[in-house]
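> Below is the sequence, then the predicted model.
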Amino acid sequence: MIRFDNERQRRCYERLAAWLAERPEAAIAPTDAPMFILQAGSAAVAIEVTATDADLVLVGVWSYVATGVRLDPDLLAYLLAENQKLEFCGFALDEDNDILLQAELLDTCTAAELHFAVDRVLAWADTYDDWIVAVWGGKRAVDVVFKQRALPGGPMSQRAIWGRTGWGRVGDRPALEYGK
């Protein structure tokens, strides 16, 4: 059962579920966390609804690009230079120095804004993963079966999301509740 921190987070999640059900990629959702996963090509994108407090709910759209990459000054300079070129998203390093691509939206986003962010993150992650691994080593994120992602202050900090069980297709109606 998905546990929401507040009503605003629940409403946002339900709105996103309806919008994502209309996409050509099959969206799946864990049955215990307010998030969705879409896959296209060699990229998978997570859409995570996080209540930072009662007045602010964020929609994080992110994808792992590569893991186990040799971090050197050339790679870091490359990622920074590419960040300036990318629309609506940017590269980041997680706590394990894995490369991800991410965008952040407010819960007041429109369907068009959500789809734009998802499309950009999916397309760019699918484009950059092969290049980064070919030049700097490591593995494409799609080749890694299990990965844990911690969002700063987010509810997923202790949850494994890649390779987890308890998924359902978007459109299924899991039991919903909110409150702590």
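That came in fine, so what should we check first?

> just the helices in the chain please.
If you assign secondary structure with DSSP state H, the helices in the chain sit at 7-20, 73-85, 111-136.

> R10 contacts L16, correct?
No: taking CB atoms under 8 Å as the definition, R10 is not a contact partner of L16, at 11.0 Å. Every residue, glycine included, has its C-beta placed from N, CA and C.

> Comparing those two, which residue is more hemmed in?
Set R10 next to L16 and count neighbours by other CB atoms under 10 Å: L16 wins out with 26 against 21.

> Enumerate every residue touching that one.
The contact partners of L16, by CB atoms under 8 Å, 6 or more residues apart in numbering, come to 36, 47, 49, 59, 114.

> and it, how far is that from L106?
Look at L16 and L106: by CB to CB, to the nearest Å, they are 12 Å apart.

> Find residues that contact each of those two.
V59.

> What's the local residue count around L76?
For L76, using other CB under 10 Å, the count is 12.

> just the one 4 residues further on next, same as before
Using other CB under 10 Å, L80 has 11 neighbouring residues.

> re earlier: mean pLDDT and distance to I99 for the helices of the chain - can I get that in CSV?
Formatted as CSV, the entries for the helices of the chain read as follows, by pLDDT from 0 to 100; distance: least, CB to CB, whole Å:
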stretch, mean pLDDT, distance to I99
helix 7-20, 95, 25
helix 73-85, 95, 7
helix 111-136, 93, 6
